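# Okay, structure incoming, though there's no sequence with it:
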């Protein structure tokens, strides 16, 4: 994280947080709700309290981050996982509901 988060926020017990790596939908199905359905179906099988992801804020000229915000994610900070990677927005939401 570019700025430290509170210890109670980052404390993990092995079952608190699951990380989402990628959702990719082929062009013919984009905008049809398929990504949302896949996302929610995956989360419905999870026992964790919350889900986190990284998003490039420049992706889709901000549209990708806006989609995640519409799905209930909120920005909690920024991080650059590798020296040559972009600065990603770190987002979190509860596993159940938005």
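Yes, it's here. Quick caveat: nothing in here was measured; it's all calculated off a predicted structure.

# So, low pLDDT: which residues of this protein?
Low-confidence segments of the chain (pLDDT under 70): 97-98.

# change it to 90
Regions of the chain meeting the criterion pLDDT under 90 cover residues 1-4, 6, 14, 22-24, 30-31, 60, 96-98.

# Can you show me the helices along it?
For the chain, applying DSSP state H gives helices covering 7-10, 34-44, 63-70.

# got those as a markdown table, with mean neighbour count and distance to residue 23 columns?
C-beta: built from backbone N, CA, C; applies to glycine. What follows is those, written out as a markdown table (neighbours: other Cβ atoms under 10 Å; distance: least, Cβ to Cβ, whole Å):
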| stretch | mean neighbour count | distance to residue 23 |
| --- | --- | --- |
| helix 7-10 | 9 | 24 |
| helix 34-44 | 14 | 5 |
| helix 63-70 | 15 | 9 |
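
# Just put the ones you listed in JSON lines and tack on distance to residue 26.
Converted to JSON lines, the helices of the chain look like this (distance: least, Cβ to Cβ, whole Å):
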{"stretch": "helix 7-10", "distance to residue 26": "36"}
{"stretch": "helix 34-44", "distance to residue 26": "9"}
{"stretch": "helix 63-70", "distance to residue 26": "16"}
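
# Looking at the chain, name the residue that lies furthest from the middle.
residue 28 (23.2 Å; Cα atoms, centre = their mean).

# Give me the distance between that one and residue 84.
As judged by Cβ to Cβ, to the nearest Å, residue 28 and residue 84 stand 33 Å apart.

# Could you check how many residues crowd around residue 62?
For residue 62, the count of nearby residues is 14 (other Cβ atoms under 10 Å).

# To clarify, my last question referred to residue 84.
Neighbours of residue 84 under the rule other Cβ under 10 Å: 6.

# Would you list the phi and psi of residue 72?
phi 100, psi 0 (degrees, to the nearest 10).
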